[in-house]
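Enquirer: need a structure here:
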Amino acid sequence: MTSISRIPPVIENDEFDLLGMLQSIWRQKHVIAGSALIFGMLGAFYAHIITPEYEVSTLLRPAALNELDALNRSGVYSLPPGDALIRVGAALDSYETRLGYFRSNPALRDAFTRPEYTAEQAFENFNHNALKLVQPDPKKADLLSAYIGFEMRYPQGVIGHDVLNGLVQYAIENERRQISDDLKVIVINRLNEVDAKLAAARADYDAKKEGRIAELLEKDSLKRALLQDELRALRVQLKLQREDRISQLDEAISIARSLGFKKPSTPSSMSTNDAGYVIRNEVSNQQLPLYFMGTDALEAERQALRKRGSDDFADPRVAQIRKEILLLSSNREVEMLRKRENEELFLKGVEALRAERTRLESISTDMSHLHLVSIDRLAVEPVVPVKPKKLLLVALGVILGGLIGLFLALLRNSLTMRKQHHVQVAPLPHIMGTDTQPSLHRR
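Expert: Okay, the predicted model is just below:
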């Protein structure tokens with residue numbers, strides 16, 4: 001019988017052999033180093049062939065108060081520095097502004113256009129991937145900390161700092177133009193409003209002047225009509241008085257003829273007896289009867305009255321009336337009102353409107369030199385690209401290659417250990433079979 005102690009023991013060790021694994025990895029260090037070197041070279045090659053990308057930025061802050069003082073003191077347009085900064089920021093973030101600048105810059109279009117891109121797709125590539133607007137926290141924003149940052153990432157071959165600075169100037173110019181147009185419209189509207197008020201004042205003046213002229217002419221016409229009526233009545237009165245006088249003369253002539261008075265006479269000549277009575281009568285009664293004048297005088301007067309063509313001279317009022325009618329033939333006040341050349345001088349209550357119009361006309365709408373924002377930092381040409389980071393790519397390639405090499409080393413070590421294990425276990429059944437059979441035979 002063969003002792004079982006002669007059978008080589010099969011040692012099974014399931015514990016992890018760290019030292020053996022490290023020794024195996026060290027023996028395969030050339031595999032790890034080669035993998036790291038290959039992937040490092042691939043990283044360097046990728047970093048070399050990829051198109052570099054650069055990044056530039058600019059910083060805008062609110063303009064000084066004195067820069068916008070002239071515009072704000074105009075009284076028709078108000079634009080604080082903070083609002084001006086917000087307007088420029090909104091313009092920079094505007095799709096229309098970016099599209100207009102993109103179309104006006106052929107070099108920029110060529111840089112972002114690919115063979116498979118349309119013009120719209122090229123602009124979308126520029127708008128969404130290249131530009132970025134940076135703003136401060138709204139909770140902490142004030143005039144001192146307010147700013148607007150603008151960044152642009154671009155491929156090699158583009159003069160990025162000129163493009164970004166040009167875009168900022170393009171947006172500022174657009175805003176200046178918009179402010180100038182707004183200011184022109186506001187000033188024109190204010191001028192139209194003032195002109196409308198002045199036109200209303202002129203219309204009111206014209207109406208009052210025409211009313212005054214009509215009132216004066218009507219008054220003169222009324223007075224002239226009254227004087228003419230008075231003159232006609234007075235002439236009729238004088239004619240009647242003349243006819244009455246003629247009738248009186250006819251009666252007196254008849255009496256004088258009957259008494260035989262041919263020449264003027266007195267009552268004393270009629271009686272010489274009662275001298276005292278006659279004297280008393282002559283003293284107490286100065287007006288003698290008309291027939292005492294005698295027929296010669298009375299007939300001469302009657303003849304003259306019958307030949308009279310006009311009685312106007314008989315009453316001085318006729319001459320006065322004719323004088324007043326002549327004066328009424330022209331109204332000097334009406335003539336002066338109609339001969340006014342510069343009627344603007346006679347408008348009342350329009351001094352403030354004229355001053356406002358002069359002030360509005362003096363407002364300059366040229367905003368080409370208006371400083372809307374302060375460019376705190378201009379975009380400058382970058383020294384190194386932001387993409388790719390060559391050292392980082394090489395380092396990542398080396399690390400990745402080293403990890404892959406380590407994995408291969410571990411895999412190789414694992415396969416080797418498994419193979420050795422199978423070699424040690426496989427002969428065991430044959431040995432046991434050959435040793436046990438003699439033992440059984442002896443028994």
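
Enquirer: use CA for all of it now, contacts and neighbours both
Expert: OK.

Enquirer: okay, now the closest residue to M293 other than its chain neighbours: neighbour count?
Expert: Residue nearest to M293 in three dimensions, not counting chain neighbours: P264, with 3.9 Å by Cα to Cα, 6 or more residues apart in numbering. Residues lying near P264 (other Cα atoms under 10 Å) number 15.

Enquirer: again, but for D229
Expert: Other residues within reach of D229 by the criterion other Cα under 10 Å amount to 12.

Enquirer: In the protein, where's the longest strand?
Expert: When the chain is scanned for its longest strand (criterion: DSSP state E), the result is strand 53-62.

Enquirer: so for the helix or strand in which F123 is found, what's the average pLDDT?
Expert: Using DSSP states H and E, F123 sits in helix 119-125. For helix 119-125, mean pLDDT is 86.

Enquirer: could I get that helix in PDB with only the CA atoms?
Expert: Backbone C-alpha positions of helix 119-125 (Å, rounded to 0.1, in the frame of the first residue of the first chain) are rendered in PDB as follows:
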ATOM      1  CA  ALA A 119     -26.500  81.800 -44.600                       C
ATOM      2  CA  GLU A 120     -29.100  81.500 -41.800                       C
ATOM      3  CA  GLN A 121     -27.300  78.500 -40.300                       C
ATOM      4  CA  ALA A 122     -24.000  80.300 -40.400                       C
ATOM      5  CA  PHE A 123     -25.500  83.200 -38.500                       C
ATOM      6  CA  GLU A 124     -27.100  80.900 -35.900                       C
ATOM      7  CA  ASN A 125     -23.700  79.300 -35.400                       C
END
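
Enquirer: Can you tell me what sits against it?
Expert: Contacts of helix 119-125 with the rest of the structure, by Cα atoms under 8 Å, 6 or more residues apart in numbering, involve 99, 102, 109, 112-114.

Enquirer: Quick one: buried ones out of those residues?
Expert: Buried positions within the contacts of helix 119-125, assessed by neighbour count (16 or more other Cα atoms under 10 Å), are 102, 109, 112-113.

Enquirer: Which members of the contacts of helix 119-125 occur in helices, if any?
Expert: Secondary structure assignment by DSSP state H places 99, 102, 109, 112 of the contacts of helix 119-125 in helices.

Enquirer: quick one: which of those residues is nearest K323?
Expert: Lowest distance from K323 to those (Cα to Cα) belongs to L99, with 88.1 Å.

Enquirer: Check that closest one and give its pLDDT.
Expert: pLDDT recorded at L99 is 92.

Enquirer: circling back to that earlier point, downstream of the helix holding F123, the next helix or strand is which one?
Expert: Next along the chain after helix 119-125, with elements defined by DSSP H and E, is strand 131-134.

Enquirer: Just name the closest of the buried ones among the contacts of helix 119-125 to R224, please.
Expert: Distances from the buried ones among the contacts of helix 119-125 to R224 were compared by Cα to Cα; the smallest belongs to F102, at 85.2 Å.

Enquirer: wait, isn't the closest one in contact with L108?
Expert: Yes. With the criterion set as Cα atoms under 8 Å, F102 and L108 qualify as a contacting pair; they are 6.6 Å apart.

Enquirer: For the stretch 301-443 of the chain, give me the ranges with low pLDDT.
Expert: In the prediction, the stretch 301-443 of the chain carries residues with pLDDT under 70 at positions 389, 421-443.

Enquirer: What is the burial count for the residue lying closest to V334 once chain neighbours are set aside?
Expert: Excluding its sequence neighbours, the residue lying closest to V334 (Cα to Cα, 6+ apart) is I213, at 5.6 Å. The burial count assigned to I213 is 18, neighbours taken as other Cα under 10 Å.

Enquirer: quick one: I213 is in a strand?
Expert: No. With DSSP: H, G, I helix; E, B strand; the rest coil as the criterion, I213 is assigned helix and is not in a strand.

Enquirer: so how far is A207 from it?
Expert: Counting by Cα to Cα, to the nearest Å, the gap from I213 to A207 is 10 Å.

Enquirer: Doesn't A207 lie inside a helix?
Expert: Yes. Remark: A207 belongs to a helix, assigned using three-state DSSP.

Enquirer: ok, now which ones touch it?
Expert: Listed by Cα under 8 Å, 6+ apart, the contact set of A207 is empty.

Enquirer: And it, how close does it get to H128?
Expert: For A207, the distance to H128 - Cα to Cα - is 67 Å.

Enquirer: how close does T118 get to E218?
Expert: T118 sits 84 Å away from E218, going by Cα to Cα.

Enquirer: and what of A225?
Expert: Distance check for A225 against E218: by Cα to Cα, it reads 10 Å.

Enquirer: Settle this for me: the residue nearest to V334 is touching R332, isn't it.
Expert: No. Under the contact definition of Cα under 8 Å, I213 does not touch R332, with a separation of 10.6 Å.

Enquirer: okay, now L65: neighbour count?
Expert: Close neighbours of L65, defined as other Cα under 10 Å, add up to 12.

Enquirer: Tell me the buried residues in stretch 364-373?
Expert: Neighbour-count burial for stretch 364-373 flags 365, 367, 370-373 (criterion: 16+ other Cα under 10 Å).

Enquirer: Same question for stretch 215-228.
Expert: Neighbour-count burial for stretch 215-228, counted by 16+ other Cα under 10 Å, picks out 217, 220, 224, 227-228.

Enquirer: go on, stretch 157-175?
Expert: By neighbour count with 16+ other Cα under 10 Å, stretch 157-175 contains the buried residues 158, 160-161, 163-165, 167-168, 170-173, 175.

Enquirer: Kindly export it (C-alpha atoms) in CSV.
Expert: Once side chains and other backbone atoms are set aside, the C-alpha atoms of stretch 157-175 remain, and they are given as CSV (Å, rounded to 0.1, in the frame of the first residue of the first chain):
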residue,chain,number,x,y,z
GLY,A,157,-8.2,83.3,-38.7
VAL,A,158,-10.7,85.8,-37.3
ILE,A,159,-9.5,89.1,-35.9
GLY,A,160,-11.8,88.6,-32.9
HIS,A,161,-11.0,91.7,-30.9
ASP,A,162,-11.8,93.9,-33.9
VAL,A,163,-15.0,92.0,-34.5
LEU,A,164,-16.1,92.3,-30.9
ASN,A,165,-15.2,96.0,-30.6
GLY,A,166,-16.9,96.6,-34.0
LEU,A,167,-20.0,94.9,-32.8
VAL,A,168,-20.1,97.0,-29.6
GLN,A,169,-19.6,100.2,-31.7
TYR,A,170,-22.3,99.0,-34.2
ALA,A,171,-24.8,98.5,-31.3
ILE,A,172,-23.9,101.9,-29.8
GLU,A,173,-24.3,103.6,-33.2
ASN,A,174,-27.6,102.0,-33.7
GLU,A,175,-28.8,103.2,-30.3
